[in-house]
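**Student:** the sequence and its predicted three-dimensional model are supplied below.
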Amino acid sequence: ELEKALPALQEAEAALNVLTKKDISVLKAYSKPPPLVEMTLSGVMTVLKRPATWEESKKQLGDANFMMKLLNYDKDNMDDPLLKKIGKFSADPEFTPESVGKVSSAAKGMCMWVRAMEVYGSVAKDVGPKRARLKAAQENLAKKQAALASAQEQLAVVLAKVKSLRDK
C-alpha cells in the first residue's frame with residue numbers, strides 16, 4: 001500500500017530539490033503574496049506544525065535549513081489531527097500544483113510536497129500497524145530460528161556422543 005504514496009512523495013521531493021535560493025528569495029520578498037502562494041506556505045507551515053501565517057512563513061523561508069526541514073520531514077509520524085488540517089488545503093480545488101504553478105514555480109513544488117505529505121501520511125497510518133505486526137513476526141521468527149539453531153547444536157553434541165559410544 002505504501003508503494004501507492006511513494007511516487008507522489010518522490011515527485012514532490014524532486015520538485016523541492018530543483019528549488020534554488022533565488023526561488024526562496026522571490027517568495028520571501030512578497031510583502032503581500034498572491035493568495036495561492038500564501039495558501040501553499042500556510043499548508044507547509046501546517047505540516048511543519050508552525051503557525052500558518054505569512055509572517056511565520058517568511059521567518060521559516062529565511063532559515064538556511066528550511067529546504068532540509070522539508071526533505072527530512074518525519075513523515076511517518078503524522079497524526080490524525082494534522083492529516084485533517086492538511087486535508088483542508090488539499091480539499092480546496094485551487095490548491096493544485098498546476099494552479100499554484102501559474103503563480104509561482106517555487107510554490108508549486110511546495111504545493112506538491114504538502115499534497116504528497118497528506119497522501120503518504122494517510123497511507124502510512126494504514127500501513128503502520130501492518131509494519132508493527134511484520135516487525136513483531138520477524139522478531140519472533142528470529143527467536144525461533146535461534147532456538148532451533150541451539151537445539152540443532154545440542155542434538156549434534158548428543159549424536160556425536162552416541163556415535164563415540166557405539167564406536168567403543
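**Tutor:** Perfect, thanks for sending it.
**Student:** show me where the protein dips below the pLDDT cut-off.
**Tutor:** 1-2, 4-5, 126-131 (pLDDT under 70).
**Student:** helices of that one, start to end?
**Tutor:** In the chain, the segments counted as helices under DSSP state H are 2-17, 21-29, 35-47, 54-61, 66-71, 80-90, 97-103, 105-167.
**Student:** list the buried residues in the fourth one.
**Tutor:** Using 16 or more other Cβ atoms under 10 Å as the burial criterion, the residues of helix 54-61 that qualify are 54, 56-58, 60-61. Placement of C-beta: from N, CA and C, glycine included.
**Student:** rewinding a little: tell me the most buried of the helices of the chain?
**Tutor:** helix 35-47 (a mean of 22; mean count of other Cβ atoms under 10 Å).
**Student:** what's the angle between that helix and helix 21-29?
**Tutor:** Between the axes of helix 35-47 and helix 21-29, defined by axes from the mean of the first three to the mean of the last three Cα atoms, to 10 degrees, the angle is 100 degrees.
**Student:** got the CA positions of helix 35-47 in PDB?
**Tutor:** Included here for helix 35-47 are C-alpha records, laid out as PDB according to Å, rounded to 0.1, in the frame of the first residue of the first chain:
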ATOM      1  CA  PRO A  35      -3.400  34.100  -2.400                       C
ATOM      2  CA  LEU A  36      -2.300  30.800  -3.800                       C
ATOM      3  CA  VAL A  37       1.300  31.400  -2.600                       C
ATOM      4  CA  GLU A  38       0.000  32.300   0.800                       C
ATOM      5  CA  MET A  39      -2.200  29.200   0.900                       C
ATOM      6  CA  THR A  40       0.700  27.000  -0.100                       C
ATOM      7  CA  LEU A  41       3.000  28.400   2.500                       C
ATOM      8  CA  SER A  42       0.200  28.100   5.100                       C
ATOM      9  CA  GLY A  43       0.000  24.400   4.100                       C
ATOM     10  CA  VAL A  44       3.700  24.000   4.500                       C
ATOM     11  CA  MET A  45       3.600  25.700   7.900                       C
ATOM     12  CA  THR A  46       0.700  23.400   8.900                       C
ATOM     13  CA  VAL A  47       2.700  20.300   8.000                       C
END
